[in-house]
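# heads up, no residue letters with this:
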C-alpha cells in the first residue's frame, strides 16, 4: 500500500489493510513522516509500516503533482526503494495524488490497484490553497481529472467509495465495469465493541440535548447552516448544545459566526481529537449531524461520520445529498433535510426532537444496519475477492 501522508491517520487505510490481513495477505505500507526524527519501521495492528521522510517543502509540492514533475521525481526514488526492499508483489495506491510517482517507480510492472478515496478533482475546487491567487495560476483541477482518468485506465483494478462514484466514473472513463469495486468507509467491529469511555466528556454534556458533529469542519461541510439555526432552535430546545469534534482552516470563520449570532454558549468547539475519543462523544449524542453541501464530490462519497453515528445508535440528521439519502432511506436511520436550506433543517430538527419514538426507532435501526450489513468485515468481501483473483 502506498499512502502519501503520515500513518495512522486515515481509517480507510486501516480498514482495508485489516480486511486483507484477515484473509492471509501480508501488507506493507509506504507512508511519510514530516519530522526528521521518526520510527522508520514498525508493526501496527499487523501492518508492516515503512516510513520515509518528507520535508514541508516536498509536502507543499504535492499540490503541484500534475502541474510540475518535482513531486513525482522526489517520491519515485522513495517508492522504488520501498518496492525493492520489501519485495512487494502487488501495489495498492491510496488516492490519485501519489499515483504519478507510483507508476513511474513501478519498473517491474507489478499489478496495480488505484483506490480513489474521493472525487479529488471535484473537491479540489473548494480547497483554500487552490482558490488562492497562486493556486489559480499553478493548480488546475482539470489536469487532475485527466490524470485520474489516465491512471484508472492503466490500473488493473480501481476501488471507489460508493456505487454512485462507480457510476460517475463509468460515465467519463471507458473501462470494464468489472474492474471497479466498491469499498465504503464504514467501521471495524472493534470500533463499537472494544472501546473506553472518558467520563469527563459524559459529565461535561450530561445536561444537554447534544447535536454531534464529527470530522472536518471546512465550509463545504455545512456547519454554518447548523449554527444559523441556533438562534431559533435555542428557544425551542433550551438545553441544546452543538458539539463539534474536528477542525479545519474554516474554524476562525465559524467562531466569528457564533459570536455574530450570539450563540457561543450553545456550541462547544472540541477541536481535533484522536479517534479513541469518538466513542465518548458518540455516547453523549442525541442526534448526529452531517449537513454536507451539495456537489459532485458529496453526492458520490460517504462521510465516515454517518457510519460512526450508526454504530453507536445515534439517529442521523443529514442533508439530502445523493450518498446520504441512499443510506438513510434504505436503512431508516434518520431524517433528511434539503441541503443548504435553513428552514428545512430547523423543521426537521424540531420534528425529530418532538418524536422520541422516532429517535429510538432510528437508533435501533442504525445498530442493526452496522452489525448485519455495513461493518468492515461485510463490506470488505469485494476487496478480498479482488485480491484473491
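Yep, that arrived. Fair warning: this is a prediction, and the values are worked out from it, not measured in the lab.

# quick one, phi/psi of the residue nearest to residue 156 when sequence neighbours are not counted?
Among residues not flanking residue 156 along the chain, residue 111 sits closest, at 4.7 Å (C-beta to C-beta, 6 or more residues apart in numbering). Placement of C-beta: from N, CA and C, glycine included. The phi and psi torsions at residue 111 (degrees, to the nearest 10) take the values phi -60, psi 140.

# so residue 111 touches residue 91, yeah?
Yes. Counting by C-beta atoms under 8 Å, residue 111 does reach residue 91; the two are 7.0 Å apart.

# who has more neighbours, these two?
residue 91 (23 against 13; other C-beta atoms under 10 Å).

# Bridged to the more buried one, which residues?
On the basis of DSSP bridges, residue 91 is bridged to residue 112.

# In contact with it, which residues are there?
1, 2, 83, 102, 106, 110, 111, 112, 113 (C-beta atoms under 8 Å, 6 or more residues apart in numbering).

# ok, 7 Å please
2, 102, 106, 110, 112 (C-beta atoms under 7 Å, 6 or more residues apart in numbering).

# can you check residue 44 too?
Contacts of residue 44 (C-beta under 7 Å, 6+ apart): residue 8.

# Identify the bridge partners of it.
residue 47.

# do you know how far it is from residue 7?
Distance check for residue 44 against residue 7: by C-beta to C-beta, to the nearest Å, it reads 8 Å.

# what residues are shared contacts of these two?
Between them, residue 44 and residue 7 share no contacting residue, judged by C-beta under 7 Å, 6+ apart.

# ok so, going back, quick check, the residue nearest to residue 156 in contact with residue 90.
Yes. Using C-beta atoms under 7 Å, residue 111 is in contact with residue 90, at 4.5 Å.

# list the helices and strands the strand or helix carrying residue 336 packs on?
Per DSSP states H and E: residue 336 is located in strand 334-337. Packing partners of strand 334-337 (3 or more C-beta pairs under 7 Å, 6 or more residues apart in numbering; DSSP states H and E): strand 316-319, helix 322-331, helix 342-354.

# what do you get if the cut-off is 10 Å, keeping everything else the same?
On a contact count with 3 or more C-beta pairs under 10 Å, 6 or more residues apart in numbering; DSSP states H and E, strand 334-337 meets strand 287-290, helix 304-311, strand 316-319, helix 322-331, helix 342-354, helix 356-369.

# would you turn the ones you listed into JSON lines with mean neighbour count and distance to residue 297?
Below are the helices and strands packed on strand 334-337 laid out as JSON lines (neighbours: other C-beta atoms under 10 Å; distance: least, C-beta to C-beta, whole Å):
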{"stretch": "strand 287-290", "mean neighbour count": "26", "distance to residue 297": "14"}
{"stretch": "helix 304-311", "mean neighbour count": "27", "distance to residue 297": "14"}
{"stretch": "strand 316-319", "mean neighbour count": "26", "distance to residue 297": "13"}
{"stretch": "helix 322-331", "mean neighbour count": "18", "distance to residue 297": "10"}
{"stretch": "helix 342-354", "mean neighbour count": "17", "distance to residue 297": "21"}
{"stretch": "helix 356-369", "mean neighbour count": "17", "distance to residue 297": "24"}
